[in-house]
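*Asks:* predicted model and sequence follow; I will ask about them next.
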Amino acid sequence: MLFIIVFLGALSVFLLVYGIYLSLNRERLTIVRRMQGVAHTLKRQQELDDELSKPFFDRIIRPILERLAASIGKSTPVKKKLSLQKKLMMSGNPLNLAPGEFLAIQYVLTLGAAACAALFAISLNSAPGFIVVGIILGAVAGLFLPEYYLKMLANKRKEEIQDNLPDVLDLMTVSVEAGLGFDAALVKVTEKIKGVISQEFTRVLQEIKMGKPRRDALRDLGNRSGVDDLIAFLGSIIQADQLGVSIGNVLRLQSEQMRQKRRQRAEEKAMKAPIKMLIPLILFIFPTIFIVVLGPAALQIIEKF
């Protein structure tokens, strides 16, 4: 009983003090609550503005792809994931997709293309056989077009790297012979030359700054590019660094070899040009010449007979 009396007395004193505090600070507490509400509203508005400022792909498409990728990734073999990861890496991965997200896009395109082909065939009142053929062709197109797109991007990146590599090596040779270190020469390349190879060297420098060993960063660059010339050059640089050979001499020799290979590729393309010209020549030019030359004679023969 004594404990209850003490407890009720303490509670009464606490409520009395708390009531006096509220009555004395009513205006201040009201202002604080209003300021907190305004701050919360501004925060929500800022979050909404940040969300709306993102691209449509990141706001709408990517969350859907992530859910689909989570379900697809469980049934996808690890070997296929690694193969897709390598293809995405060599193509530059413009949308920053994971292998599961790429597979989700591929499957959605397959189903969507097949459905569109079926609807188009049905709208033309085609026979059931043509509808089935249209569905198969649409599914095949939706399945292989994404991989063909990746292959096209990878080939474009390879060609750009091969074309710019001799100029890059010349600039690095001049920089190293002028007294700069290899990392400083890479910085000079990223400043003077723009394009894929400059972006890749920028990534190498960032990895080195983050503590990654130089040889590992250079090996990863070779694996990402898939260009044999660049892989050979990076291997020479890694070997020269390990053996203590002068990097300037290695750069000069590699630059001469790259220019010679570029000249050989240009000569090879020039030799292939006449053969490639035969296709439009036979398909388009020869029939036109035959029509112009033999057309009047054919008309006269028809009139005679």
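*Replies:* Cool, got the structure.

*Asks:* could you point out which element follows the lowest-mean-pLDDT helix or strand in the chain?
*Replies:* Every helix and strand in the chain was compared by mean pLDDT, DSSP states H and E; the lowest is helix 56, with a mean of 61. Next in sequence after helix 56, counting helices and strands by DSSP states H and E, comes helix 62-73.

*Asks:* packing partners of that next one?
*Replies:* Helix 62-73 sits against helix 99-123, with contacts defined as 3 or more C-beta pairs under 8 Å, 6 or more residues apart in numbering; DSSP states H and E. Every residue, glycine included, has its C-beta placed from N, CA and C.

*Asks:* list of residues touching the helix it packs on?
*Replies:* Around helix 99-123, the neighbours that count as contacts under C-beta atoms under 8 Å, 6 or more residues apart in numbering are 62, 65-66, 68-70, 72-73, 76, 80-81, 84-85, 88, 97, 130-131, 134-139, 141-143, 145-147.

*Asks:* tell me the domain boundaries of the protein?
*Replies:* 57-157, 158-267 (automatic domain parsing).

*Asks:* the strands in the stretch 201-305 of the chain, which residues?
*Replies:* Assigned strands in the stretch 201-305 of the chain: none (criterion: DSSP state E, counting those that start in this stretch).

*Asks:* the nearest residue to residue 69 once chain neighbours are set aside: neighbouring residues, count only.
*Replies:* Closest residue to residue 69 apart from its sequence neighbours, by C-beta to C-beta, 6 or more residues apart in numbering: residue 100 at 3.1 Å. The number of residues packed around residue 100, counting by other C-beta atoms under 10 Å, is 20.

*Asks:* mind putting the domains of the chain into TSV with mean pLDDT and distance to residue 290?
*Replies:* Output for those, formatted as TSV (pLDDT from 0 to 100; distance: least, C-beta to C-beta, whole Å):
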stretch	mean pLDDT	distance to residue 290
domain 57-157	81	34
domain 158-267	84	34
